[in-house]
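A.B. asks: Sequence first, predicted model second:
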4 protein chains.
Amino acid sequence: DAVVAAKIPGPSPYAAVDARNAGAEFDNLPGFTRSRYARDHALITPESRVYTGLFGWRETNAAWFVTPAMAGGPTFSMYQALMRPGASSGMPEPGTWRFVFVMDGKISVQDDLELTDGGGAASGRYNDLTHGHFAYFPADHRHKITTSEGASLLIYEKKYVPPSGGVAEAIGPNPPTPRFLVGHTDDLPNIETPGEVFGLKKLLPQSLEWDVNFHVMDFNPGEHLYVKEIHYNQHGLMLLEGKGVYRLGDDWYSVQAGDVIWMAPYVTQWYAALGYKRSRYIILKDTNRDPINTNAP
Amino acid sequence: DAVVAAKIPGPSPYAAVDARNAGAEFDNLPGFTRSRYARDHALITPESRVYTGLFGWRETNAAWFVTPAMAGGPTFSMYQALMRPGASSGMPEPGTWRFVFVMDGKISVQDDLELTDGGGAASGRYNDLTHGHFAYFPADHRHKITTSEGASLLIYEKKYVPPSGGVAEAIGPNPPTPRFLVGHTDDLPNIETPGEVFGLKKLLPQSLEWDVNFHVMDFNPGEHLYVKEIHYNQHGLMLLEGKGVYRLGDDWYSVQAGDVIWMAPYVTQWYAALGYKRSRYIILKDTNRDPINTNAP
Amino acid sequence: DAVVAAKIPGPSPYAAVDARNAGAEFDNLPGFTRSRYARDHALITPESRVYTGLFGWRETNAAWFVTPAMAGGPTFSMYQALMRPGASSGMPEPGTWRFVFVMDGKISVQDDLELTDGGGAASGRYNDLTHGHFAYFPADHRHKITTSEGASLLIYEKKYVPPSGGVAEAIGPNPPTPRFLVGHTDDLPNIETPGEVFGLKKLLPQSLEWDVNFHVMDFNPGEHLYVKEIHYNQHGLMLLEGKGVYRLGDDWYSVQAGDVIWMAPYVTQWYAALGYKRSRYIILKDTNRDPINTNAP
Amino acid sequence: DAVVAAKIPGPSPYAAVDARNAGAEFDNLPGFTRSRYARDHALITPESRVYTGLFGWRETNAAWFVTPAMAGGPTFSMYQALMRPGASSGMPEPGTWRFVFVMDGKISVQDDLELTDGGGAASGRYNDLTHGHFAYFPADHRHKITTSEGASLLIYEKKYVPPSGGVAEAIGPNPPTPRFLVGHTDDLPNIETPGEVFGLKKLLPQSLEWDVNFHVMDFNPGEHLYVKEIHYNQHGLMLLEGKGVYRLGDDWYSVQAGDVIWMAPYVTQWYAALGYKRSRYIILKDTNRDPINTNAP
Ligand SMILES: [Mn+2]
Ligand SMILES: [Mn+2]
Ligand SMILES: [Mn+2]
Ligand SMILES: [Mn+2]
């Protein structure tokens, strides 16, 4: 029996009369927000974002979503950088890699001129990166992100953790370190997810030198996670497309594109996509390291 | 007056008619789980387990239940390893001991060829370990776990803490370190528990060099803990047989075989066994070390 | 259309009859307080303040409001110092700066005689500082605060964090350190706050060597924050004038002058001023440092 | 107008008929306890105490009440030691002082033969210490506690923190360290508590080398704390006599002699004594150290 797709609603006959009540000013309702900062997760919606000048960058503002001071103890930072035309980046902290996902606008990236292996391009330079492109800058690579017309970036940073114990043994001697890397989400294949139905792309290679990966996950309306997950891995998520319901711990949240979620280790987590459009989100997941080394905050 | 045993219910006359409502698909109910991750305890039930490839092992997947990133600050890891036929183990982190309890299938174990005292067997090798067998590998012993037909293991790991202060004085000079050890639960005697009624087996020796012990506790239906415990010791528990009610903090949980519980230091804890079958659980308990050295996370 | 100002209520006709019920003894109601100490914020109202002798000072008592032991992990201390006539200060901990805001009474301050650049005054001495004056003593500057008639001070202290990473690069070589500084709130200009309506003064310079700033924020009745803020920065706030409603997380508090609030990183926060008088509060905000270096407690 | 004392109730006329319902078996009600382990405080009542052999002692069992693994991050341990006839003590951890308050039975104490200044007695030995006696053993003093007929002790231990910053300056050069000390509660004078009515004895001297003090506080029926306290200091409390109500955070607890309370920094706290007998409790309070050095757990 074929699965039937969700239908699209027609206009409500009451919309015209109700124009004054349309809730269109919801983001300006005094003291009201869909955001919530809980013991083991957070939902950060657009009306709660605070933008400040991004120290060390030029002509750029940032809104931080996740940093290690958060309850549950993230080991990474996640923030939105709004680059004005002509803006350019500063460096992350020592020992810290940076991952950039382009939300909007257009950027050029230039890896460390001395350390780069080029990342597939001459001298480690890529131009005209737009929505869906991403770039990974290894820790301590001096690099530059520039834009002539302006851009909105989703950025993740984390102090790099080298392999140890059984993982180091599996890699063997002379282990490689993560390398400069640029790509586009839609160029990547879907990966098998037995027992689940979502579409999965992994933006980074799956070899053991990387200490995280970025998953882009797609759900058609009605699709959901089949495991009601509890795991040690952390997540920093931005919903890129669509609408649905996220269960986090014992709370259920209606979410839509533009919402950011922090999931601490072990928070119960489950998503269902609703409506008539695909849901797509990007998510950081720490991996390839023995979790016995990650303490509670 | 003799205590009367619990009776076994006959079939419900409504079962046939109610077949379509039998709840048999409960583990697939979208977004529903009995799992709960609280401030000072967690209950992890099968429908929440997430399996991933176990880094450093061959042909093995794992679902982690407890790691130090959890709220309440466990000092150990607890996970299930699903070994496919032909699988073999990797090493834990440096300074970390590993305890293996066989849930299902059959394994062979080989202790560190150089460091072993044999553990009672020639060259520290044991074959054909099945449900109820356990093995302790001291920290930094290079060892191997292998299986030809596949196995499901419950594994605990912890960075070994050597004795200090009054405990070190009580041990005296040249203190021994924990040794490689293999045994079977049902070969061990029950230990006295004055004021309590549960059957208790301790899987490790009670001498002061060990920094934890593993208790296997048996409750007949109607038996329960007589102390409503609060203590500094941590627990990682798997219910191996039976059904009952666990009170953790101010929450009460119905539990059954296959459920895993994390109990943080000082969480109120109490169990009662119900139904008509024995309840048996295995539990890690840290011991023999002055608790003034264990900080809150 | 002009915005209309709030009106002032006349006397209630029932006040005379109700004199015995006037709630005037509210601060002495057994076991009752408006204070609340939550996971990610605290409200500390006058009836909860505990005064003790201030170690290392002379003739001074203190009530601490915020210290690093608090849930949410403040990186600073905030306390009220009540100096009796003739009192004098002791030193903060090594590496720790001190910021003093005069609430009441009158003080003299003397910066470190050797390290001072004078702070705009001969030899770093200022007399007759009263309500609204403030002074910043850099870490490890030996300084003195004295009073002949007594004073009530609001004091903040924090271990100084030097710049690193992209911030250090932006400052360049030979970075300056924060300097001794004295000023008066009402001598400072208002700063633009696009999208918001509150009046904002920053008590410290905005250059990158300072690791915090102090904001004095003014709201007329009916004015409120337009962003329902979530951010990584910490706040220690004292309401200096007025009354209103503070939303912190999912809790709403009626607040008035004299109330102190601790806001942990990421707590949802929003203020609205009410009544017929200006609300003014002073707030510490950590800044100019990459938040990836600040862990959860 | 004289304050009238509380009256003593006569017997209830329904007691005889209600004998079977007398609740006398309350401590054996399956799964029921008055204990509660909260985010910022704990109440530990007798039916939750777990006794285990006390590592490093002879013939002694212990029930721990407070250790650093507790939520809120105590910096000390607090436990009850049950010494059987002939029992003797072991040493605390290196750098850790021990304070002993005799609850029941009789003990002898012997300070470190080499380091002692005698504590007012020949060679630092005291015999026949009974209920109300206390002894302080400085860190790293080798000492012995012995009993011929058995004893129940309330013990506190903490890693000693030497003075720093303004406190160290106030002490001056060549600061003394805490010394061996034995005394009896009822030999100590009451200390003034302006604005409060409880009777207060401080068991240790108030000079700055001590990093805690022990307060014994007495309340007649109807007396209560007048400040609804919030402060950075930690408390480990045992109610020695009487009954009353303790407010901790937003929770209210009925308490009686034998109950133990842990109060984390900043928890709202307030006590009222009820009934017709004096309430007396003993409480640890950390003091004389700049709280900027004590982090959240
Ligand atoms: Mn997940
Ligand atoms: Mn237990
Ligand atoms: Mn703010
Ligand atoms: Mn107190």
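C.D. replies: Great, that's in hand. Ligands and ions are numbered 1, 2, ... in the order given.

A.B. asks: what about the residue in the stretch 1-150 of chain A that chain C sits nearest to, which SS state?
C.D. replies: Nearest residue of the stretch 1-150 of chain A to chain C: A:G56, at 2.8 Å (Cβ to the nearest Cβ). For the C-beta atoms, the positions are set from N, CA and C on the backbone; glycine is no exception. Secondary structure, DSSP: H, G, I helix; E, B strand; the rest coil: A:G56 is coil.

A.B. asks: right, and it touches C:P163 too?
C.D. replies: No: the criterion here is Cβ atoms under 8 Å, and A:G56 misses it with C:P163 at 9.2 Å.

A.B. asks: Can you give me the pLDDT of the residue of the stretch 1-150 of chain A closest to chain C?
C.D. replies: Looking at A:G56, its pLDDT reads 91.

A.B. asks: Just list the residues touching it, thanks.
C.D. replies: A:90-91, C:165-167, C:169-170, C:290 (Cβ atoms under 8 Å, 6 or more residues apart in numbering or on different chains).

A.B. asks: Just the buried ones out of those, please.
C.D. replies: Those of these that meet the buried threshold are A:90-91, C:165-167, C:170, C:290, by 16 or more other Cβ atoms under 10 Å in any protein chain shown.

A.B. asks: out of the contacts of A:G56, which are inside strands?
C.D. replies: In strands, judged by DSSP state E, none of the contacts of A:G56 are found.

A.B. asks: What about those residues, which are in helices?
C.D. replies: The helices, defined by DSSP state H, take in C:165-167, C:169-170 from those.

A.B. asks: Test for you: state the pLDDT assigned to the spatially closest residue to A:D286 that is not a sequence neighbour.
C.D. replies: Closest residue in space to A:D286, ignoring its immediate chain neighbours: A:V212 at 4.9 Å, by Cβ to Cβ, 6 or more residues apart in numbering or on different chains. Per-residue confidence at A:V212 stands at 98 (pLDDT).

A.B. asks: Could you report the separation of A:V212 from chain B?
C.D. replies: For A:V212, the distance to chain B (Cβ to the nearest Cβ, to the nearest Å) stands at 13 Å.

A.B. asks: so where is the stretch 1-150 of chain A shaky, pLDDT-wise?
C.D. replies: A:1, A:12-27 (pLDDT under 70).

A.B. asks: how about the residues of it near chain C?
C.D. replies: Within the stretch 1-150 of chain A, the positions near chain C by Cβ under 8 Å from any Cβ of the partner chain are A:28, A:30-33, A:35-37, A:39, A:42, A:44, A:47-50, A:52, A:55-57, A:63-64, A:67-74, A:76-77, A:90-94, A:96.

A.B. asks: How about the stretch 151-297 of chain A?
C.D. replies: That would be A:157-159, A:297, which are the residues of the stretch 151-297 of chain A within reach of chain C (Cβ under 8 Å from any Cβ).

A.B. asks: try 10 Å this time
C.D. replies: With Cβ under 10 Å from any Cβ of the partner chain as the criterion, the stretch 151-297 of chain A meets chain C at residues A:157-159, A:260, A:262, A:264, A:296-297.

A.B. asks: so what's A:G53 up against?
C.D. replies: Counting by Cβ atoms under 10 Å, 6 or more residues apart in numbering or on different chains, A:G53 makes contact with A:59-62, C:206, C:287-288.

A.B. asks: mind checking how far the strand ranked longest in chain A is from the chain centre?
C.D. replies: Scanning chain A for the longest strand, with DSSP E as the assignment, gives strand A:76-88. From the chain centre to the centre of strand A:76-88 is a distance of 14 Å (Cα atoms, centre = their mean, to the nearest Å).

A.B. asks: for it, which positions count as buried?
C.D. replies: With burial defined by 16+ other Cβ under 10 Å, the residues of strand A:76-88 counted as buried are A:76-83, A:87.

A.B. asks: Stretch A:125-138 now?
C.D. replies: In stretch A:125-138, counting by 16+ other Cβ under 10 Å, buried: A:125-126, A:129, A:131-138.

A.B. asks: from the middle of its chain, how far away would stretch A:150-166 be?
C.D. replies: The answer for stretch A:150-166 is 11 Å, by Cα atoms, centre = their mean.

A.B. asks: and the residue lying closest to A:N190 once chain neighbours are set aside, what does it touch?
C.D. replies: Spatially, and ignoring its direct neighbours in sequence, A:N190 is nearest to A:G199 (5.0 Å; Cβ to Cβ, 6+ apart). Applying Cβ under 10 Å, 6+ apart, we find A:G199 in contact with A:190-191, A:193, A:216-220, A:223, A:278, A:280.

A.B. asks: again, but for A:W64
C.D. replies: By Cβ under 10 Å, 6+ apart, the residues touching A:W64 are A:44, A:49-52, A:54, A:70, A:77-80, A:155, C:230-233, C:265-266, C:291-292.

A.B. asks: And the spatially closest residue to A:Q206 that is not a sequence neighbour, how far from A:A139?
C.D. replies: Computed as Cβ to Cβ, 6+ apart, the closest residue to A:Q206 that is not its neighbour in sequence is A:N213, at 7.0 Å. Per Cβ to Cβ, to the nearest Å, A:N213 is found 16 Å from A:A139.

A.B. asks: how near is A:R98 to D:P85?
C.D. replies: In this structure, A:R98 and D:P85 are 68 Å apart, going by Cβ to Cβ.

A.B. asks: Also A:E47?
C.D. replies: According to Cβ to Cβ, A:E47 and D:P85 sit 70 Å apart.

A.B. asks: again with A:A139
C.D. replies: Going from A:A139 to D:P85 by Cβ to Cβ gives 64 Å.

A.B. asks: what does A:A273 give?
C.D. replies: Distance of A:A273 to D:P85, computed by Cβ to Cβ: 71 Å.

A.B. asks: now do A:D251
C.D. replies: 56 Å.

A.B. asks: same check, this time on A:N28
C.D. replies: As judged by Cβ to Cβ, A:N28 and D:P85 stand 76 Å apart.

A.B. asks: and the contacts of A:G56 as CSV, adding distance to chain B?
C.D. replies: Formatted as CSV, these follow (distance: Cβ to the nearest Cβ, whole Å):
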residue, distance to chain B
A:G90, 30
A:M91, 28
C:G165, 25
C:G166, 28
C:V167, 29
C:E169, 32
C:A170, 34
C:D290, 23
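
A.B. asks: Closest one of those to B:G105?
C.D. replies: The closest of those to B:G105 turns out to be C:D290 (Cβ to Cβ; 49.0 Å).
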